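**Q** Next input, structure requested:
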Amino acid sequence: MLEQAMLQRPLIFGIVNITPDSFSDGGKYLAADAAIAHARRLVKEGADVIDLGPASSNPDAVPVSAEEEIRRLAPVIEALASERIPLSIDSFRPETQGFALAHGAAFLNDIRGFADEAFYPSLAASDAKLILMHSVQREGNADRREAPEGDIVEHVSAFFAARLAALEAAGIARDRFILDPGMGFFLGSKPETSFEVLSRIGELCERFGLPVFISVSRKSFLRAVTGRAPGEAGAATLAAELLAIQRGSAMIRTHEPAPLADALAVMTRFETPFGGP
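**A** Next comes the predicted model:
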């Protein structure tokens, strides 16, 4: 069903942060009932997949153990899976990823890009799609470091090439991978770096022939150029999401599916097809 939707338009991943300290909605959905209700609402608003985050990755967030991530996720996954809602689990911890796979997650979303080679056999034995994210930090949460010197897209591409080679060598089929170049602090502290990568998504599509996943929703680089607070960044978010789609992104992760779903409905009325592999 998701594959069929992708042939018609980009997929929308609705964000549900089961956390006390996410930068724009921390604490709102920490209780399982609140998270479940919010996920259902996002599906009604147009989300194809619900991306569950049991720990925040912003620079000021407190680290969370795998045990706590699983405790937060368990009742939410159980409820949503029983309703056959496709789920993506946003965690870099192999223990959490293993729990997610055992409970039918359709996607794993890893900000470290699946760095733990000891977990590769478990990934190979599953059929979940793997969202392979690049970050300049390489490990753990985002911080406020500068972007690396040189061409940032070449830097991102080199990371993807190396990580894909390792994962494929472990027996994981290439068609299971989705590429996320990272945005905001995952690319560096200056907004210009994120805009540079956004404008060149097509290069990643052409080089790797894989779907590109973009998460710009309410991020600081958009707020830096608009002066808006996280809750006021809807227009800037939608503009960046549509730019990403025009450049070839096949999947968008967002806090607000409804405006994006409406925009895609309008875009499908034009003859120009969506980009991407």
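**Q** quick one: low-confidence parts of this protein?
**A** Applying pLDDT under 70 to the chain picks out residues 4, 7, 61, 140-145, 271-277.
**Q** residue ranges of the strands in it, please?
**A** 11-17, 49-53, 87-90, 107-110, 129-133, 177-180, 213-214, 251-254 (DSSP state E).
**Q** So what's the residue count around the closest residue in space to I15 that isn't next to it in sequence?
**A** Once flanking residues are discounted, I15 sits nearest to H255: 5.0 Å by C-beta to C-beta, 6 or more residues apart in numbering. C-beta: built from backbone N, CA, C; applies to glycine. Neighbour count for H255, taken as other C-beta atoms under 10 Å: 21.
**Q** Which one of the strands of the chain lies nearest to K190?
**A** strand 213-214 (18.2 Å; C-beta to C-beta).
**Q** chain center to that closest one, what's the gap?
**A** Distance, stretch centre to chain centre, for strand 213-214: 6 Å (C-alpha atoms, centre = their mean, to the nearest Å).
**Q** Likewise for stretch 92-102?
**A** Per C-alpha atoms, centre = their mean, the centroid offset for stretch 92-102 relative to its chain is 16 Å.
**Q** first vs last residue of stretch 170-187, how far apart are they?
**A** 27 Å (C-alpha to C-alpha, to the nearest Å).
**Q** oh sorry, the question was meant for stretch 17-29
**A** Per C-alpha to C-alpha, the first residue of stretch 17-29 is 6 Å away from its last.
**Q** ditto for stretch 39-52
**A** So stretch 39-52: terminal residues 9 Å apart, C-alpha to C-alpha.
**Q** centre of the chain versus it, how much separation?
**A** 14 Å.
**Q** if we can go back for a sec, and the strands of the chain: which comes nearest L42?
**A** The nearest among the strands of the chain, by C-beta to C-beta, is strand 11-17 at 3.3 Å.
**Q** Against which helices or strands is the closest one packed?
**A** helix 32-44, strand 49-53, strand 251-254, helix 257-267 (3 or more C-beta pairs under 8 Å, 6 or more residues apart in numbering; DSSP states H and E).
**Q** between the ones you listed, which gets nearest to E149?
**A** It's strand 251-254; of these, that one is closest to E149 (C-beta to C-beta) at 28.4 Å.
**Q** Check which strands are paired with the closest one and give the direction for each one.
**A** strand 11-17 (parallel), strand 213-214 (parallel) (DSSP bridges).
**Q** which residues make contact with the shortest one from outside it?
**A** This points to strand 213-214. 13, 131, 133, 178-181, 183, 198, 201, 241, 244, 249-253 (C-beta atoms under 8 Å, 6 or more residues apart in numbering).
**Q** switch to 7 Å and redo it
**A** Strand 213-214 is contacted by residues I131, I178, L179, D180, M183, A244, S249, M251, I252, R253 when judged by C-beta atoms under 7 Å, 6 or more residues apart in numbering.
**Q** doesn't V216 make contact with the residue nearest to I15?
**A** No: using C-beta atoms under 7 Å, H255 makes no contact with V216, being 10.4 Å away.
**Q** re earlier: wait, which of the strands of the chain is closest to A37?
**A** The closest of these to A37 is strand 11-17. By C-beta to C-beta, the value is 9.9 Å.
**Q** and E149, how many neighbours?
**A** 7.
**Q** same thing with I111?
**A** The burial count for I111: 26, using other C-beta under 10 Å.
**Q** Excluding covalently adjacent residues, which one is nearest to it?
**A** M133 (4.9 Å).
**Q** and the one you found, what does it touch?
**A** D110, I111, G113, D180, G182.
**Q** tell me the two of the residues you listed that are most distant?
**A** Going by C-beta to C-beta, the pair spanning the contacts of M133 furthest: D110 and G182, at 11.5 Å.
**Q** which residues of this protein fall in helices?
**A** 2-8, 32-44, 66-82, 94-102, 120-125, 152-169, 191-199, 201-208, 220-226, 234-247, 257-267 (DSSP state H).
**Q** Mean neighbour count and distance to S56 for these - can I get that in JSON lines?
**A** Formatted as JSON lines, those follow (neighbours: other C-beta atoms under 10 Å; distance: least, C-beta to C-beta, whole Å):
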{"stretch": "helix 2-8", "mean neighbour count": "11", "distance to S56": "26"}
{"stretch": "helix 32-44", "mean neighbour count": "18", "distance to S56": "14"}
{"stretch": "helix 66-82", "mean neighbour count": "18", "distance to S56": "11"}
{"stretch": "helix 94-102", "mean neighbour count": "20", "distance to S56": "14"}
{"stretch": "helix 120-125", "mean neighbour count": "15", "distance to S56": "24"}
{"stretch": "helix 152-169", "mean neighbour count": "16", "distance to S56": "23"}
{"stretch": "helix 191-199", "mean neighbour count": "19", "distance to S56": "19"}
{"stretch": "helix 201-208", "mean neighbour count": "18", "distance to S56": "25"}
{"stretch": "helix 220-226", "mean neighbour count": "18", "distance to S56": "14"}
{"stretch": "helix 234-247", "mean neighbour count": "20", "distance to S56": "18"}
{"stretch": "helix 257-267", "mean neighbour count": "17", "distance to S56": "20"}
